[in-house]
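In: Sequence and predicted structure below; questions after.
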Amino acid sequence: RDQAGGVQQDEEQRQHEEFVTCSDAATGTLLWAHADKTRFSEGHGDGPRCTPTIDPAGRRVFALGATGILNCLDLETGSVIWTRNIVAGTGAKNLTWGKSSSPLLHEAHVIVTGGGAPPTLLAFQRATGRPAWQAGADTPSYSSPAVLSLAGRAQIVCVNETSVTGHDPAAGTLLWTFPWPGKIVAKVCQPIPAGPDRILVTASGGMKSHLLQIKREAGGALSCDSVWTSRHP
């Protein structure tokens, strides 16, 4: 079963254990639970804050905990297929408010943002958890990476601490970058498609919103420019 078939996946904190749970959507009956002995705590609340990503065809659930534990779990039983600690694995500190961006599934890879320092993106083999590639020189934000088709090309769009970037989904290669300084602001919002070659990005804390246009230059390279910017809602 998947979400459409009547089950719901969630992440929650119970004392000193971080849980991924699966419940019957109609009755609330707990079907399975997976626990990791970890706890993320800060002044705005404790515990995990990412939405798990479900792979119905592969019968798997990918869940990223607040301390950086990435689990691949069996959809039916919750048993661990593989696990990685993406923060410890890169030697970076955690983000101030913890990991809050959901895993992205694209073809054979599961792609997540890193810790409180580059690399921006990390890709793992979906089947085994083996590292596939790392990319990006900016510190990640709290926004989730998204695959969008812009200027006729599929790409991973990533809102980072001081930039917005586009990456090749297969290898993570940087396709374009848009400088967006303001590192004291927690960038959380997702990039919103606004046409075949445009995206809207926005943030809190008085940051300007931008309508960005991705253009294909001579020779096939991509570039990014701001069409307009505004602080008004």
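Out: Structure received. Keep in mind that what you see is a predicted model, and the values were worked out from it rather than measured. Numbers count the residues shown, from 1 in each chain.
In: low-confidence ranges in the chain?
Out: The model of the chain has pLDDT under 70 over residues 1-5, 11, 183-184, 233.
In: run the last query once more with 50
Out: Across the chain, the ranges flagged by pLDDT under 50 are 1-4.
In: which stretches of it form helices?
Out: Assigned helices in the chain, in chain order: 86-90 (criterion: DSSP state H).
In: Show me the residue at the heart of it, geometrically.
Out: S144 (3.2 Å; C-alpha atoms, centre = their mean).
In: correct me, but that residue touches L105?
Out: No: with contact defined as C-beta atoms under 8 Å, S144 and L105 do not form a contacting pair (11.5 Å). Where you see a C-beta, it was placed from the backbone N, CA and C, and this is true even at glycine.
In: and T29, how many neighbours does it have?
Out: 10 (other C-beta atoms under 10 Å).
In: could you measure the closest residue to it other than its chain neighbours against A66, distance?
Out: In space, and not counting its chain neighbours, T29 is closest to S23: 6.3 Å by C-beta to C-beta, 6 or more residues apart in numbering. Distance of S23 to A66, computed by C-beta to C-beta, to the nearest Å: 20 Å.
In: To what extent is A108 buried, counted in neighbours?
Out: The local packing of A108 (other C-beta under 10 Å) involves 13 other residues.
In: ok, S23 and A66, which is more surrounded?
Out: Shown here are S23 and A66; by other C-beta under 10 Å, A66 has more neighbours (26 against 17).
In: The residue nearest to the centre of the chain - nearest residue in space that isn't next to it in sequence?
Out: S101 (4.0 Å).
In: Can you name the residues that contact that neighbour?
Out: Residues in contact with S101 (C-beta atoms under 8 Å, 6 or more residues apart in numbering) are 50, 64, 112-113, 140-145.
In: mind putting those in a markdown table, distance to C158 included?
Out: Below are the contacts of S101 laid out as a markdown table (distance: C-beta to C-beta, whole Å):
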| residue | distance to C158 |
| --- | --- |
| C50 | 16 |
| L64 | 15 |
| V112 | 11 |
| T113 | 7 |
| P140 | 8 |
| S141 | 8 |
| Y142 | 12 |
| S143 | 7 |
| S144 | 9 |
| P145 | 5 |
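In: from memory the residue nearest to T29 sits against L30, does it?
Out: Yes: S23 is within contact range of L30, at 5.4 Å (criterion: C-beta under 8 Å).
In: so what's N94 up against?
Out: 40, 66-68, 87, 115-116.
In: at 10 Å what do you get?
Out: Neighbouring residues of N94 by C-beta atoms under 10 Å, 6 or more residues apart in numbering: 40, 42, 66-68, 86-88, 115-116.
In: Give me the buried positions along stretch 188-202.
Out: 188-191, 197, 199-202 (16 or more other C-beta atoms under 10 Å).
In: now stretch 106-125
Out: Result for stretch 106-125 [16+ other C-beta under 10 Å]: buried residues 106, 109-124.
In: same deal with stretch 58-72?
Out: For stretch 58-72, by 16+ other C-beta under 10 Å, it's 60-72.
In: Alright, calling it a day.
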